[in-house]
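Peer 1: Would you be able to build a 3D model of this:
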Amino acid sequence: MIFGDYEKFKEKVDELIENNKGEMGCYTSFTGFVRNYEIKEGEKVPADKMEIPDILDKLEDIRKDAIEKFNLLDVIIYHNKGTLGVGEIVSSYYVFARHRKEAFLAMEYIIDEIKRYH
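Peer 2: Numbers count the residues shown, from 1 in each chain. Model (predicted):
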């Protein structure tokens with residue numbers, strides 16, 4: 001499931017936690033925020049905003065690949081877009097898994113795949 005609305009995303013996260021109890025061994029989560037700096041040519045450069053591309057159309061393939069590759073129960077993704085200020089959420093992901101190893105490996109995979117579009 002892919003969301004562009006954070007409140008709806010969080011509601012669905014709570015629902016998935018309840019629905020996966022019993023089969024789920026764990027879930028992992030990651031939330032990325034806009035920092036007050038960027039790294040350019042290895043140097044910290046002050047920043048007060050970040051431009052986030054609209055990649056919602058690419059996220060479902062990443063989600064499906066992760067579920068299949070790591071035998072997950074589910075993955076839910078929130079991704080923001082547009083001009084964001086310092087401290088705003090860029091993206092948030094939850095991975096629901098039977099075992100922690102698969103959950104952590106899947107999370108790393110998802111982050112790396114999505115980062116290719118930033």
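Peer 1: Give me the contact list for stretch 78-86.
Peer 2: 2-6, 9, 34-36, 47-56, 59, 88-93, 114 (CB atoms under 8 Å, 6 or more residues apart in numbering). C-betas here are computed from N, CA, C, even on glycine.
Peer 1: now it: how far from the chain's centre is it?
Peer 2: 13 Å (CA atoms, centre = their mean, to the nearest Å).
Peer 1: Can you list the buried residues in it?
Peer 2: 78-80, 84 (16 or more other CB atoms under 10 Å).
Peer 1: ok, which stretches of the protein are helices?
Peer 2: Taking DSSP state H to define them, one finds helices in the chain at 6-19, 56-70, 100-115.
Peer 1: Verify the contact between residue 106 and residue 73 for me.
Peer 2: No: the pair residue 106 / residue 73 is not scored as a contact, 10.6 Å apart, by CB atoms under 8 Å.
Peer 1: Spit out the residues that contact those two alike.
Peer 2: residue 97.
Peer 1: the more surrounded of these two?
Peer 2: Between residue 106 and residue 73, counting by other CB atoms under 10 Å, residue 106 is the more crowded of the two (23 against 18).
Peer 1: how about the residue lying closest to residue 75 once chain neighbours are set aside, what does it touch?
Peer 2: Ranked by CB to CB, 6 or more residues apart in numbering and with sequence neighbours excluded, the top spatial neighbour of residue 75 is residue 63, at 4.8 Å. Residues counted as contacts of residue 63 (CB under 8 Å, 6+ apart) are 1-2, 75, 77, 110.
Peer 1: One more: residue 100?
Peer 2: Here residue 100 is in contact with 25-26, 28 (criterion: CB under 8 Å, 6+ apart).
Peer 1: and the end-to-end length of stretch 83-94?
Peer 2: 24 Å (CA to CA, to the nearest Å).
Peer 1: Please state the offset of stretch 2-11 from the chain centre?
Peer 2: On CA atoms, centre = their mean, the centre of stretch 2-11 falls 11 Å from that of its chain.
Peer 1: One more: stretch 41-57?
Peer 2: With CA atoms, centre = their mean, you get 16 Å for stretch 41-57.
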